[in-house]
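Q: Dropping a prediction and its sequence here:
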Amino acid sequence: MQSRNNGFYSVMDFDDESRLRNVFWADGQSRASYESFGDVVTFDTTYLTNRYRMPFAPIVEVNHHGQSILFEAGLLSSEDTNNFVWLFQTWLECMKGRAPGAIITD
């Protein structure tokens with residue numbers, strides 16, 4: 001994917017038995033948009049709706065045209081504290097340490 005999208009960023013997290021636990025990804029355009037529109041983001045998991053029954057965790061913002069922008073996303077093995085910590089730490093690494101001013105969630 002990185003050969004087709006220069007700014008693509010992805011990380012996979014594995015457990016002690018080398019089984020996939022969590023996945024995070026962001027494309028180059030979304031990462032660039034975050035620079036302009038990353039002041040406040042929304043975060044809400046869509047629980048167990050995919051074939052692997054993993055919570056989908058999108059991070060979304062609204063741009064100056066009122067359009068939703070998917071910045072980054074992840075698939076988590078479960079909705080527990082350790083996985084959310086991993087997701088947000090990975091997101092901050094992807095964004096070079098730039099945190100949003102606020103995160104809106106349910």
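A: Nice, thanks for sending it over.
Q: If we ignore the residues flanking it in sequence, what's nearest Phe84?
A: Leu76 (7.6 Å; Cβ to Cβ, 6 or more residues apart in numbering). Where you see a C-beta, it was placed from the backbone N, CA and C, and this is true even at glycine.
Q: before we move on, what about Val62?
A: Nearest-residue entry for Val62: Ser68, 5.8 Å, with adjacent residues in sequence omitted and distances by Cβ to Cβ, 6+ apart.
Q: number of nearby residues for that neighbour?
A: 10 (other Cβ atoms under 10 Å).
Q: What's the per-residue pLDDT of the residue nearest to Met54 when sequence neighbours are not counted here?
A: Spatial nearest neighbour of Met54, chain neighbours left out: Leu75 (4.4 Å); criterion: Cβ to Cβ, 6+ apart. Here the pLDDT value assigned to Leu75 is 93.
Q: before we move on, what about Thr49?
A: The per-residue pLDDT reported for Thr49 equals 68.
Q: and if you look at the one 5 residues further on?
A: On the pLDDT scale, Met54 is placed at 85.
Q: pretty sure it contacts Ala73?
A: No: the criterion here is Cβ atoms under 8 Å, and Met54 misses it with Ala73 at 11.5 Å.
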